[in-house]
Structures are given as C-alpha cells and as structure tokens.
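Enquirer: no FASTA, just this:
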C-alpha cells in the first residue's frame, strides 16, 4: 500500500440508460464494496487498483470504502488495520464510510446486551479475529458484559478511532457514495442515518428521483448492479471471494474485481 501513500478488470453488471454523470477532471475514483472481514481479498484488490492507477500517474487518486468492513469473514482485525492505516496516511484521498456492521460493533461496545444479536449476524467472527471467544447460545448479559470488556481491552486504539471517524456519505462530482442507500424523495441534508445504513427495497426499487447517481453496497448481488440512479458494488465478498471496486474517471465507469 506504499503506492497509495506515495500518491497522497473485469467489467460486470447490468447496463441501462444512464443519467449523465462524471467526476472532476484529473481525478480517478475507486469505490470499494463490502469487505466483511476478507483482508486477503482487500489486499488483492488494492494491488489491482495500484496496477490500474499506475497507467495514469498524473490523475489524482481517491479511494472510497463503502462500509461493512467487519463481521462474517475471519480477518476483521486485518481489514481495520489496512483501512485505518490508509485513512491515517491518505488524508482527503481516502474516505471511509460507515456501514450497519460498524454501527453494530460500536453498539456492542456501548451496550453489551446487543452481543447475542451482533454475534448471530457476523460479530462472532469479529470477536474471534481479536482473540476473544464469545459464549454460545446464551443471552446472559453478565457473560456478554465480560466479553465486551475483554474486546474493549484488546481492540487497538487506532481501530476504535478509525471506527469513530467513519462518515455517513460522500459526494464526488455527480455521484453520492453511501453504504445502503437513500430515502427516495428526501434531500441529502435531510436523510436519516438509519436509512443510510440499513435501507433496502424502498431505495433499490425506487424510480429515478435525483439527478445524481448513488453508489452503494449493503445488498449483495452476483454482479455489480447498474441502474439509472444507482450502482451497487456489494458482490458478497465474504462468501463468493469476489470483492469489487467501481472505477470512475471523467464520464467513464468500469469495475475492478478479485476472483477469476
């Protein structure tokens, strides 16, 4: 990742009639979908982004991670290590967004009673990646309080600071980047945080209602999904082995992916 610090393809998806969109001249943007503990795939994807960026060294490079870095996969610790390092070194060239799984992790630190639900939806793997073994099949709050305290003790301060620094959305040119999506018909400055982290069908099925294109993760698909008003780049990395990044330069779009 020194390439990124020093600078601070496969096509897929469904093609549709597009809203005219672009990013500012002289920039190239890579938006990375849901990683879910697959540090191995993240390393591979970053190397492929590095190789792609090397073809146009004069372009200003920007990375945007769309959230859901932890849970389900076995290396949440490693993912936060990589992304936290990039965020510290990259300045405004690196933007990390908050996903619903980061919200769940922070929620567990604040309230251990959420432990059983978090563990069931991938938090167990996150705890294990930090060397903490959660209880199985128990709603014993005292036991989960002990697990929370053990987790808080081993969670590096840099990881916690990174998690607390995550943004809800970002805009670049004609694109809005957010984890889950937006509430149709609502202005960006009136969007609710829960919708940005959790919304699904109301957003996914909505007709075109804005002049910008929303780039999001959260809802896994076998291929990147392009619609007139949105682009989904969650390809279920933790289960499929395919981690996807959307590449934006000028008015052009393409995808870079791990896997065959």
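Expert: That came in fine, so what should we check first? Owing to the predicted nature of the structure, the values given are computational and were not obtained by experimental measurement.
Enquirer: residue 118: neighbour count?
Expert: By other Cβ atoms under 10 Å, the residues close to residue 118 number 21. In this view, the C-beta of every residue, glycine as well, is placed from N, C-alpha and C.
Enquirer: which other helices and strands does the helix or strand hosting it contact?
Expert: Using DSSP states H and E, residue 118 falls within helix 115-118. Counting contacts by 3 or more Cβ pairs under 8 Å, 6 or more residues apart in numbering; DSSP states H and E, helix 115-118 packs against helix 100-110, helix 141-154.
Enquirer: go again using 6 Å as the cut-off
Expert: Applying 3 or more Cβ pairs under 6 Å, 6 or more residues apart in numbering; DSSP states H and E, we find helix 115-118 packed against helix 100-110.
Enquirer: now the helix it packs on and helix 141-154, what's the angle there?
Expert: Between the axes of helix 100-110 and helix 141-154, defined by axes from the mean of the first three to the mean of the last three Cα atoms, to 10 degrees, the angle is 110 degrees.
Enquirer: buried residues in helix 100-110, which are they?
Expert: 100, 101, 102, 103, 104, 105, 107, 108 (16 or more other Cβ atoms under 10 Å).
Enquirer: and which of those residues is nearest residue 218?
Expert: Distance to residue 218 across the buried residues of helix 100-110 (Cβ to Cβ) is lowest for residue 100, with 7.1 Å.
Enquirer: so that closest one makes contact with residue 196?
Expert: No: assessed by Cβ atoms under 6 Å, residue 100 is found out of contact with residue 196, at 9.3 Å.
Enquirer: pull the distance from stretch 37-57 to the chain's centre.
Expert: Centroid displacement of stretch 37-57 relative to its chain, using Cα atoms, centre = their mean, to the nearest Å, is 15 Å.
Enquirer: what do you get for stretch 90-108?
Expert: Distance of stretch 90-108 from its chain centroid, counting by Cα atoms, centre = their mean, is 8 Å.
Enquirer: contacts for it, please.
Expert: 8, 62-68, 70-71, 83, 86-87, 114-115, 118, 163, 166-168, 170, 179, 197-198 (Cβ atoms under 6 Å, 6 or more residues apart in numbering).
Enquirer: and residue 217, how many neighbours does it have?
Expert: 29.
Enquirer: buried ones among the contacts of stretch 90-108?
Expert: In these, the ones that pass as buried (16+ other Cβ under 10 Å) are 62-68, 70-71, 83, 86-87, 114-115, 118, 163, 166, 168, 170, 179, 197-198.
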